[in-house]
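1. I'll drop the sequence and a predicted model, then ask my questions.
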Amino acid sequence: MPDVQENILKARILVVDDNLTNVVLLQKLLEAEGYEHVEGVTDSRVVVGMYEQAPYDLVLLDIRMPHMDGYDVMEGLKGIANGDIPPIMVLTAQTDMDTKLKALAAGAQDFLHKPFDRVEALTRIHNMIEVRLLHKQIRKQNEILEQKVQERTQELEDTRLEVVHRLGRAAEYKDNETGMHVVRMSKIAHVLAVAMGMSEADAKLLLHASPMHDIGKIGIPDGVLLKAGKLDPEEWEIMKSHCQIGAEILGEHQSPLMQMARMVAWTHHEKWDGSGYPKGLKGEEIPLVGRITAVADVFDALTSERPYKKGWSIEDATQYIQDQAGQHFDPAVVEKFVEHLDEITTIRTTLRDTFEAES
């Protein structure tokens, strides 16, 4: 790769040897070859600190030195480099196998034997830097690809959530001209989920799943759904079927989001005392996400103004929620609702319906 070849002479090189003559010799040899950034030190104790300030592409390292020998230096570099220590070429007059094996185990990648042969030294140094720069280039390309993958994944996630939200609002638009109800109640549900001790990940799932709680209303005939007066018993049974219809629409998808949405659609009309529908579940038989959604849904529905009704005051709606603790609602959820009423009220007043804001 041309850019790697061009950058070899710009690589940062550090020469570490307690013998100043060896340091100067290698510095002059490399500078004469055109290397632009060559530093040398005779005190091995400063190497780790220097590397922390500005990492090097190659360290030419003597083994036998006072204070810290080459093995100690390599250990120190391992401790600060997060698994990415620079290529280390050991400078040694020893050629025995034990020394080489110990150096390799400590992190060395190559050896340069004293006294140095000019051609051999320059060739080995060139090759090690080339490999180092190629490695850095590939790692950079991988980071760029990973970033692109993350961005694309986020785009897909954003698109998926947008579809989910619009699916939730589709049912709301059928009997509510504004569709803001599902936005508010989902945010209220998120507040309650966190307050009830759900993990942030699960609370966020509920934030995105709860807007689909009434998706089953799509399957309810307009004559029932939009009827102005009280529903007769047969019509009421049809209306109650929206929970099952919603669960069927959402299906048994493997996605955690869709699984939670299905659970919410199925159970948000169950009541703590067992008088709800469609299954007549009681108490903690009702999934927590259904119990939370029930409070969020009813509170926002009560306080919402519609073309056909006035909205309740925050105080009256709150009192109703409290009065229904242990009957319609889980008392623990109601307790958290009251504790976080200021935050919930802010959601309610900030995200107003269009005709409310204009009135």
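-> Received it, and whenever you're ready, just let me know what you need.
2. the strands in the stretch 101-250 of the chain, which residues?
-> Taking DSSP state E, counting those that start in this stretch as the test, the strands found in the stretch 101-250 of the chain are 110-113.
3. Where does pLDDT dip in the protein?
-> In the predicted model of the chain, residues 1-6, 83, 160, 165-166, 168-179, 307-308, 353-359 satisfy pLDDT under 70.
4. Give the buried residues for stretch 64-84.
-> Judged by neighbour count (16 or more other CB atoms under 10 Å), stretch 64-84 contains these buried residues: 65, 68-74, 76-77. C-beta here means a position set from N, CA and C on the backbone, and glycine is covered the same way.
5. nope, stretch 111-120 is what I was after
-> By 16+ other CB under 10 Å, the buried positions in stretch 111-120 come out as 111-112, 116.
6. Check this protein for its longest helix and report it.
-> helix 118-175 (DSSP state H).
7. Would you mind giving the buried residues of stretch 64-84 as CSV with secondary structure and distance to residue 145 added?
-> Output for the buried residues of stretch 64-84, formatted as CSV (DSSP: H, G, I helix; E, B strand; the rest coil; distance: CB to CB, whole Å):
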residue, secondary structure, distance to residue 145
65, coil, 42
68, coil, 39
69, coil, 41
70, helix, 37
71, helix, 37
72, helix, 38
73, helix, 34
74, helix, 31
76, helix, 33
77, helix, 28
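8. from those residues, which single one is nearest residue 259?
-> Set against residue 259, the nearest of these by CB to CB is residue 77 (48.3 Å).
9. residue contacts, the closest one?
-> Counting by CB atoms under 8 Å, 6 or more residues apart in numbering, residue 77 touches 47-48, 51, 59, 85-86, 88, 107.
10. what does residue 46 give?
-> Residue 46 makes contact with no residue, according to CB under 8 Å, 6+ apart.
11. In a helix, it, correct?
-> Yes: assessed with DSSP: H, G, I helix; E, B strand; the rest coil, residue 46 lies in a helix.
12. how many other residues sit next to the nearest residue to residue 250 once chain neighbours are set aside?
-> Spatial nearest neighbour of residue 250, excluding adjacent residues (CB to CB, 6 or more residues apart in numbering): residue 262 at 4.1 Å. The local packing of residue 262 (other CB atoms under 10 Å) involves 22 other residues.
13. Next, work out how far apart residue 262 and residue 216 are.
-> 11 Å (CB to CB, to the nearest Å).
14. Need the overlap of contacts for these two.
-> With CB under 8 Å, 6+ apart as the test, residue 262 and residue 216 both reach 246-247.
15. Quick check: phi and psi on residue 89?
-> Backbone geometry at residue 89, expressed as degrees, to the nearest 10, gives phi -110, psi 120.
16. which residues pair with it across the strands?
-> residue 60, residue 110 (DSSP bridges).
17. Tell me which residues touch it, please.
-> Taking CB under 8 Å, 6+ apart, we find residue 89 in contact with 58-61, 108-112, 124-125, 128.
18. For stretch 336-343, give me every contacting residue.
-> Against stretch 336-343 from outside (CB under 8 Å, 6+ apart): 191-192, 195-196, 295, 299, 314, 318, 321-322, 344.
19. do that again at 10 Å, thanks
-> Stretch 336-343 has contacts (CB atoms under 10 Å, 6 or more residues apart in numbering) with 187-188, 191-197, 292, 295-296, 299, 314-315, 318, 321-322, 325, 329-330, 344, 347-348.
20. start to end distance for that stretch?
-> Between the opening and closing residues of stretch 336-343 there is a gap of 11 Å (CA to CA, to the nearest Å).
21. ok so residue 312 is a helix residue?
-> No: looking at residue 312 with three-state DSSP, it is coil, so not inside a helix.
22. Just read off the phi/psi values of it.
-> phi -70, psi 160.
23. Surely it is in contact with residue 303?
-> Yes: contact criterion CB atoms under 10 Å: residue 312 and residue 303 qualify, at 5.4 Å.
24. shared neighbours, those two?
-> residue 318.
25. rewinding a little: closest one of the buried residues of stretch 64-84 to residue 181?
-> Nearest member of the buried residues of stretch 64-84 to residue 181, counting by CB to CB, is residue 77, at 60.1 Å.
26. And the closest one, how close does it get to residue 50?
-> Noted for residue 77: a distance of 10 Å to residue 50, by CB to CB.
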